[in-house]
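Pasted the sequence and its predicted model underneath.
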2 protein chains.
Amino acid sequence: MAEPSLHTYLFFCNAITLLLVVSPCLGLGLDTVREFLTREEDTIVFSLIERAKHPLNLPAYQDHACFGFGPSGRRRNDSFVELFVRESEEIQAKAGRYQSQEEIPFFHSRVPFTLAPPYNFTTDLYPAAASVNVNDAIWGFYFNQLLPLLAKNGDDGDYAVTAASDLACLQALSRRINYGRYVAEVRFRGDQQRYTSLISSKDKDALMELLTSEAQEDVVKRRVEKKAMVFGQDITLDGPTETGDKNTSQSSFKVVPSVVYKLYDQWVIPLTKKVEIEYLLHRLD
Amino acid sequence: MAEPSLHTYLFFCNAITLLLVVSPCLGLGLDTVREFLTREEDTIVFSLIERAKHPLNLPAYQDHACFGFGPSGRRRNDSFVELFVRESEEIQAKAGRYQSQEEIPFFHSRVPFTLAPPYNFTTDLYPAAASVNVNDAIWGFYFNQLLPLLAKNGDDGDYAVTAASDLACLQALSRRINYGRYVAEVRFRGDQQRYTSLISSKDKDALMELLTSEAQEDVVKRRVEKKAMVFGQDITLDGPTETGDKNTSQSSFKVVPSVVYKLYDQWVIPLTKKVEIEYLLHRLD
């Protein structure tokens, strides 16, 4: 067979370019989504282990214990950690973090992306549903319910380091849970007729049933618990390495593995499904 | 025996308070130092694994590819990542991060700690030597030598997330390496006479010999390599868990374990010893 001519070569190059431009969904499939979610589990477990390194540091979380001033120069009543997250997110907004739809800030600001080198982001999400998120719920359960299970009582004064650690946990949880938008988009594309009918009739119960696989959720919960064991053990050169069976005492790990199981069982999985349903309800807008 | 009276009780309380105030070295000993350094290994390995999740993202590192403006409003020639680190450190300075002597910024600013709740930090370091650090060397080897070994070629445009990941690596490495100041302080206190004589004669070679334990360094290097294997594996519910022996292919981990060995061998350990010696040379100032 003859070598392809330059014309043939260029034709294929153009065809591929065209395909990339007109098909924003290229690359988004069930496998990519699953791979992303599995990899994010590691990020979440790492961030929890890092937060657990520090004591609770209560003054960082108390309302009215604030030492910052609002833009008007008046004293604000936010906690230290809230001010820290707001100001850090502002820098990250300026640096273009929220140009990618995978990232959603906890506090919105209108800072232009002045620092960021230009990049043409494509989108896989349906525009009218893309901004669906449950960051308020994540903020609430993280500080009120999860943090007291992670951090030991105590105060070492390292509030900035602690708050930076909280921000890393919040960002990882937000990225993972709000990724439900991508899960929903993939499922919608895979069975448009069925989803269109349920969305049109706003049948939340049937949607929830369609989105739920208890067997798969059980695998995820047991896997994150195992990750907490493997990543949260003390590694010595000669000692045995923890393989994630349940015989070792939970207290010998840096984060109690059952807390990570609970995190997924009570918050991550239910909130992801909430995001999926909200996204789908706007999928035909 | 009679119950201790209130007076006796108050006497002991006062004595303990006095001890805490006049003895800033309380709590700093070889065991604390070793425990800190071992725990920081986990933080470093986690941060490297997280950075390796993203492609190289070259535009973030190119000089003159900058889209920010200096305080004077004039265009600056720093790279994006340098601007990002500067601005992030400024927020963290405002939040009081550098009130603790364990933390040293890469770029100094004179931002007051306006956000931070008050805390009385004690210090374990000798004031004239406390600011010794090798952050410039850390910045250099991280971007020029380590990063190309961590990140795969590619560009996904997520420069802000990537730069935040770099900052986490830099901060972990800086805290670990510059902790050499604490190591040196503990060693000095443990053998004041010998160290005083070597410091007075500025005998760097003898100091280096005194600070070096090849057997101990070998343990550390092999342990961090094992940590890269255990923390950087893909965890499945039923599959075997990697225990850190060398039979598995290096490429099946999220960060190549021998790169982490090399990081400690070529940079972390030698630079820590450099910090120790510099600190000691100022210990009698």
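Arrived safely.

Every contact and neighbour count from this point should use C-alpha atoms.
Noted.

Let's see the pLDDT reported for residue A:251.
Here the pLDDT value assigned to residue A:251 is 77.

hang on, residue A:244 in a helix?
No: assessed by DSSP: H, G, I helix; E, B strand; the rest coil, residue A:244 does not belong to a helix; its assignment is coil.

Can you tell me how far it is from residue A:218?
Distance, residue A:244 to residue A:218, by Cα to Cα, to the nearest Å: 16 Å.

The stretch 51-200 of chain A: strands as residue ranges?
With DSSP state E, counting those that start in this stretch as the criterion, the stretch 51-200 of chain A has no strands.

Which positions in it make contact with chain B?
The stretch 51-200 of chain A comes close to chain B at residues A:59-60, A:65-68, A:80, A:83-84, A:87-88, A:91-92, A:95-97, A:100, A:114-121, A:157-161, as judged by Cα under 8 Å from any Cα of the partner chain.

Buried ones among these?
Buried members of these, scored by 16 or more other Cα atoms under 10 Å in any protein chain shown, are A:59-60, A:65-68, A:80, A:83-84, A:87-88, A:91-92, A:95-97, A:100, A:115-117, A:157-161.

Pull the contacting residues for the nearest residue to residue A:250 once chain neighbours are set aside.
The shortest distance from residue A:250 to any non-neighbouring residue, by Cα to Cα, 6 or more residues apart in numbering or on different chains, is to residue A:256 (5.5 Å). Residues in contact with residue A:256 (Cα atoms under 8 Å, 6 or more residues apart in numbering or on different chains) are A:150, A:228, A:250.

rerun that using 10 Å as the cut-off
Contacts of residue A:256 were listed using Cα atoms under 10 Å, 6 or more residues apart in numbering or on different chains, and they are A:49, A:52, A:149, A:150, A:225, A:228, A:229, A:232, A:249, A:250.

tally of neighbours for the third one?
Burial of residue A:149 is recorded as 15 neighbouring residues (other Cα atoms under 10 Å in any protein chain shown).

How much space separates it from chain B?
Distance from residue A:149 to chain B, counting by Cα to the nearest Cα, to the nearest Å: 20 Å.

ok, and the closest non-adjacent residue to that residue?
residue A:259 (7.1 Å).

just the second one next, same as before
With sequence-adjacent residues excluded and distances taken as Cα to Cα, 6+ apart, residue A:52 is closest to residue A:151, at 4.9 Å.

contacting residues around the one you found?
With the criterion set at Cα under 10 Å, 6+ apart, residue A:151 makes contact with A:48, A:49, A:51, A:52, A:53, A:54, A:55, A:56, A:57, A:254, A:255.

what does residue A:240 give?
Counted by Cα under 10 Å, 6+ apart, residue A:240 has contacts B:243, B:244.

Residue A:135 too?
Contacts of residue A:135 (Cα under 10 Å, 6+ apart): A:104, A:105, A:106, A:107, A:170, A:171, A:173, A:174, A:175, A:177, A:178, A:271.

If we use 8 Å, what do you get?
Applying Cα under 8 Å, 6+ apart, the residues near residue A:135 are A:104, A:105, A:106, A:174.

go on, residue A:174?
Contacts for residue A:174 (Cα under 8 Å, 6+ apart) come out as A:103, A:104, A:134, A:135, A:138.

how far away is the closest residue to the first one other than its chain neighbours from residue A:158?
Leaving aside its chain neighbours, residue A:103 sits nearest to residue A:175 (5.9 Å; criterion: Cα to Cα, 6+ apart). Between residue A:175 and residue A:158 the computed distance is 26 Å (Cα to Cα).

do the same with residue A:174
24 Å.

Ok, residue A:99 next?
Note on residue A:99: its distance to residue A:158, by Cα to Cα, is 31 Å.

now swap in residue A:222 and tell me
Following Cα to Cα, the distance that separates residue A:222 from residue A:158 is 33 Å.

What of residue A:195?
50 Å.

which residues in the stretch 1-150 of chain A form helices?
A:6-22, A:30-52, A:80-94, A:135-141, A:147-150 (DSSP state H, counting those that start in this stretch).

Just name the most buried of those.
helix A:80-94 (a mean of 22; mean count of other Cα atoms under 10 Å in any protein chain shown).

so how far is that helix off the chain centroid?
Computed by Cα atoms, centre = their mean, to the nearest Å, the chain-centroid distance of helix A:80-94 equals 17 Å.

Pull that helix out as CSV, backbone CA atoms only.
Extracted in CSV, the C-alpha atoms of helix A:80-94 (Å, rounded to 0.1, in the frame of the first residue of the first chain):
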residue,chain,number,x,y,z
PHE,A,80,-10.8,33.0,61.5
VAL,A,81,-11.2,29.9,59.3
GLU,A,82,-13.9,31.5,57.2
LEU,A,83,-11.8,34.6,56.6
PHE,A,84,-8.9,32.4,55.7
VAL,A,85,-10.9,30.4,53.2
ARG,A,86,-12.4,33.6,51.7
GLU,A,87,-9.1,35.2,51.2
SER,A,88,-7.4,32.1,49.9
GLU,A,89,-10.2,31.4,47.4
GLU,A,90,-9.8,35.0,46.2
ILE,A,91,-6.2,34.4,45.3
GLN,A,92,-7.1,31.1,43.7
ALA,A,93,-9.9,32.8,41.7
LYS,A,94,-7.4,35.4,40.5
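
now the angle from it to helix B:80-94?
Helix A:80-94 runs at 160 degrees relative to helix B:80-94, counting by axes from the mean of the first three to the mean of the last three Cα atoms, to 10 degrees.

still on that earlier bit, isn't the residue nearest to residue A:103 up against residue A:104?
Yes: if you go by Cα atoms under 8 Å, residue A:175 and residue A:104 touch, sitting 7.4 Å apart.

about what we covered before: same list (the helices of the stretch 1-150 of chain A) but as CSV, adding mean pLDDT.
Shown next, in CSV, are these (pLDDT from 0 to 100):
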stretch, mean pLDDT
helix A:6-22, 39
helix A:30-52, 97
helix A:80-94, 95
helix A:135-141, 98
helix A:147-150, 97
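
can you put the contacts of residue A:135 in CSV and add pLDDT?
Converted to CSV, the contacts of residue A:135 look like this (pLDDT from 0 to 100):
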residue, pLDDT
A:104, 96
A:105, 97
A:106, 97
A:174, 98
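
Tell me the most packed of those, by neighbour count.
Most surrounded of the contacts of residue A:135: other Cα under 10 Å gives residue A:174, at 25 neighbours.

mind checking how far it is from chain B?
14 Å.

Could you do residue A:173 as well?
As judged by Cα to the nearest Cα, residue A:173 and chain B stand 15 Å apart.
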